[in-house]
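Enquirer: after the sequence you'll find the predicted model.
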Amino acid sequence: MKFLLDSHTLLWIMETPGRLPDRVRQIVEDTGSALFVSIATPWELAIKANSGKLNAAKILNEFDRSIFSAGYELLETKVPHVIRAGMLPLHHRDPFDRLLAAQSLELRLPLLSRDKVFDLYGVQRIWD
C-alpha cells in the first residue's frame, strides 16, 4: 500500500523512531509499503531551519541520498495539487500542510501524521 509522510513523521523516522506509534512503525517497516515524501517537505524543513525553529542541517544536506537509500519516493507537486491546496477551506493556514492535504486527497494516499487538522479535510490520516 502507498502512504504519504508528513514532515514530522519523516524527521522522527530518521532521528527518533521510538516516538512513532506502533501502527506507523509497522507501516514504515513493512517492505510492502510504498512511502512518499512530498517535495514540500525539504522546503518546509529548510524554512524552519533558516528561521532557527529546527536543527535540520544534516537532514537537508543528505536529503536526496537519505530518502532514496531508504526506498522512499519523492512526490513532485503538480498543478492540480497546488490548485486544490489553494481551494481548501482555511482550517489550516500552513501552506505546506495544505499542500500535503491536497496531495493526499488528489492521489488518494493515506497520510502518516499526528496532526488532527487533516481530519477536517477528509484526509485518510493514520497515526494511533
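Expert: Arrived safely. Quick caveat, the model's predicted, so the values are computed rather than measured. Residues are numbered from 1 along each chain as shown.
Enquirer: what's next to stretch 44-58, contact-wise?
Expert: Residues from elsewhere that reach stretch 44-58 (CB atoms under 8 Å, 6 or more residues apart in numbering): Ser7, Leu11, Ile59, Leu60, Phe63, Phe96. (C-beta placed from N, C-alpha, C; glycine too.)
Enquirer: next up, the contacts around the last one.
Expert: Spelled out, that is Phe96. So Phe96 contacts Ser7, Ala40, Thr41, Trp43, Glu44 (CB under 8 Å, 6+ apart).
Enquirer: now Arg23: how far from Ile126?
Expert: 7 Å (CB to CB, to the nearest Å).
Enquirer: meant to ask about Pro21
Expert: 9 Å.
Enquirer: between those two, which is the more surrounded one?
Expert: Between Pro21 and Ile126, counted using other CB atoms under 10 Å, the more crowded position is Ile126 (17 against 13).
Enquirer: in contact with the more buried one, which residues?
Expert: Contacts of Ile126 by CB under 8 Å, 6+ apart are Phe3, Arg23, Val24, Ile27, Pro110, Leu111, Leu112, Ser113.
Enquirer: ok, and the closest non-adjacent residue to Arg114?
Expert: Trp127 (5.0 Å; CB to CB, 6 or more residues apart in numbering).
Enquirer: what score does the closest residue to Leu111 other than its chain neighbours have for pLDDT?
Expert: Leaving out its chain neighbours, the residue that sits closest to Leu111 by CB to CB, 6+ apart is Ser104, at 4.5 Å. In this model, Ser104 is scored at 98, pLDDT.
Enquirer: you'd agree Ser104 is in a helix?
Expert: Yes - under DSSP: H, G, I helix; E, B strand; the rest coil, Ser104 falls within a helix.
Enquirer: what sits against it?
Expert: Leu4, Pro110, Leu111, Phe118, Val123, Gln124.
Enquirer: what about 10 Å?
Expert: Contact partners of Ser104, counting by CB atoms under 10 Å, 6 or more residues apart in numbering, are 3-4, 6, 36, 38, 75, 81, 110-113, 118, 121-125.
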